[in-house]
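*Asks:* curious how this folds, go ahead:
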Amino acid sequence: MTTIAIMAGKEIQEGLRNRWVLATTLLMAGLALALTFLGSAPTGSVGVRALDVVIVSLSSLTIFLLPLIALLISHDAIVGEMERGTMLLLLSYPVARWQVVLGKFFGHLAILAFATLLGYGAAAVALLATGAAIDAASWIAFAAMIASSVALGAVFIALGYLVSALAGNRGTAAGVCIGIWLALVLIYDMALLGLLVVDQGRVISGAALDTLLLLNPTDVYRLVNLAGFANVSAFSGMAGLAGGAALGPTTLVAALALWTVLPLGLASLSFSRREL
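*Replies:* I've put the predicted structure just below:
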């Protein structure tokens, strides 16, 4: 564990030198604050709690932004060091390859978690400063949104590591990661929606739909945040999906964990068999 912690600290230090931590935090905070002040403006007249509006807005932002940031900071974690020649130097120390992968993973995850917590936390603080009334249910939903956002980031960092372990160069890794982002964030849901419209409930059952949703980590994230809490799902327009889906919180959390562990394990296996 000490070796993994040292590796994680090394990645955090490199993130600080490369301004990744600062840039990611400022981006998350700026967009979160903009959505907070712009999105919560009409809540007083329509009777919607301000923090619930912020949760819906930030969840939608997270689905598009956080996977892209996670892939950008992780796509060259392995192949980049191999191209620069620093991986050989690193492995000359008494450290196993799987420890390198885990240490780098936890370092990048710490960067992303810090940026998410600080950026989204700034939105909540700003909302409190306006004097908005926030109840306990909204705070619980907000905390779940931050935790699941970090979990979604972990999924895409793991996917980036798998690509980095398999790719021959940084350019290929970057291209594949952009393709993964497009496929999981944009194309998959469009294709699924088209399939459901064409099917009209004739072939795709509720259980089949649940399975299809679990095959995309961004859809799992949507279910956790936009359909997992009654006060949020009613406003987000996903109350019907929340009532029809048979996926409980335990299943959804387990799905996100599996989406993280499986690619990370495959990345470690691939890297262990790769010639430097």
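*Asks:* quick one, phi psi at residue 168?
*Replies:* phi -80, psi -20 (degrees, to the nearest 10).
*Asks:* quick one: neighbours of it, just the number.
*Replies:* Around residue 168 there are 10 other residues, counting by other C-beta atoms under 10 Å. Just so you know, the C-beta spots here come from the backbone N, C-alpha and C atoms, and that holds for glycine as well.
*Asks:* before we move on, which element is the closest residue in space to residue 28 that isn't next to it in sequence in?
*Replies:* Using C-beta to C-beta, 6 or more residues apart in numbering and skipping residues adjacent in sequence, the residue nearest residue 28 is residue 119, 2.8 Å away. Residue 119 is part of helix 97-129 when elements are defined by DSSP states H and E.
*Asks:* just list what that helix packs against, helices and strands only.
*Replies:* Contact partners of helix 97-129 among helices and strands, from 3 or more C-beta pairs under 8 Å, 6 or more residues apart in numbering; DSSP states H and E: helix 2-17, helix 20-39, helix 50-74, helix 86-91, helix 136-166, helix 249-272.
*Asks:* what distance do you get for the residue nearest to residue 28 to residue 150?
*Replies:* 12 Å (C-beta to C-beta, to the nearest Å).
*Asks:* residue 195 too?
*Replies:* 31 Å.
*Asks:* of these two, give the one with the bigger neighbour count.
*Replies:* Neighbour totals were compared for residue 195 and residue 150, and residue 150 leads with 19 against 13 (other C-beta under 10 Å).
*Asks:* isn't the more buried one right up against residue 110?
*Replies:* No: using C-beta atoms under 8 Å, residue 150 makes no contact with residue 110, being 9.8 Å away.
*Asks:* leaving out chain neighbours, which residue sits closest to residue 204?
*Replies:* residue 196 (6.5 Å).
*Asks:* helix or strand: which one has that neighbour?
*Replies:* helix 188-199.
*Asks:* what angle sits between that helix and helix 50-74?
*Replies:* Helix 188-199 and helix 50-74 are oriented at 120 degrees to each other (axes from the mean of the first three to the mean of the last three C-alpha atoms, to 10 degrees).
*Asks:* quick one: low-confidence residue ranges for the stretch 151-276 of the chain.
*Replies:* Residue ranges of the stretch 151-276 of the chain with pLDDT under 70: 226-246.
*Asks:* try it again with 90
*Replies:* Scanning the stretch 151-276 of the chain for pLDDT under 90 picks out 168, 189, 192-213, 222-251, 273-276.
*Asks:* list the buried residues in stretch 177-193.
*Replies:* Residues of stretch 177-193 classed as buried: 177, 180, 181, 184, 185, 188, 189, 192 (neighbour count, 16 or more other C-beta atoms under 10 Å).
*Asks:* ok, stretch 118-136 next?
*Replies:* 118, 119, 120, 122, 123, 124, 126, 127, 132, 134.
*Asks:* same check on stretch 199-219?
*Replies:* For stretch 199-219, using 16+ other C-beta under 10 Å, the buried residues are 204, 209, 212, 213, 214, 216, 217, 218, 219.
*Asks:* picking up where we left off before, so how far is the helix holding residue 119 off the chain centroid?
*Replies:* 10 Å (C-alpha atoms, centre = their mean, to the nearest Å).
*Asks:* could you give the angle of it to helix 2-17?
*Replies:* 50 degrees.
*Asks:* not counting its neighbours along the chain, what's nearest residue 195?
*Replies:* residue 204 (7.1 Å).
*Asks:* just give me the neighbour total for the residue nearest to residue 276 when sequence neighbours are not counted.
*Replies:* Nearest-residue entry for residue 276: residue 88, 5.7 Å, with adjacent residues in sequence omitted and distances by C-beta to C-beta, 6+ apart. Per other C-beta under 10 Å, the neighbour tally for residue 88 reads 11.
*Asks:* how much space separates residue 88 from residue 113?
*Replies:* Look at residue 88 and residue 113: by C-beta to C-beta, they are 30 Å apart.
*Asks:* got it, and residue 265?
*Replies:* 21 Å.
*Asks:* the more surrounded of those two?
*Replies:* The neighbour count for residue 265 versus residue 113, taken as other C-beta under 10 Å, is higher for residue 113 (18 against 14).
*Asks:* wait, that one sits on residue 153?
*Replies:* Yes: Residue 113 lies in contact with residue 153 (C-beta under 8 Å); the separation is 7.3 Å.
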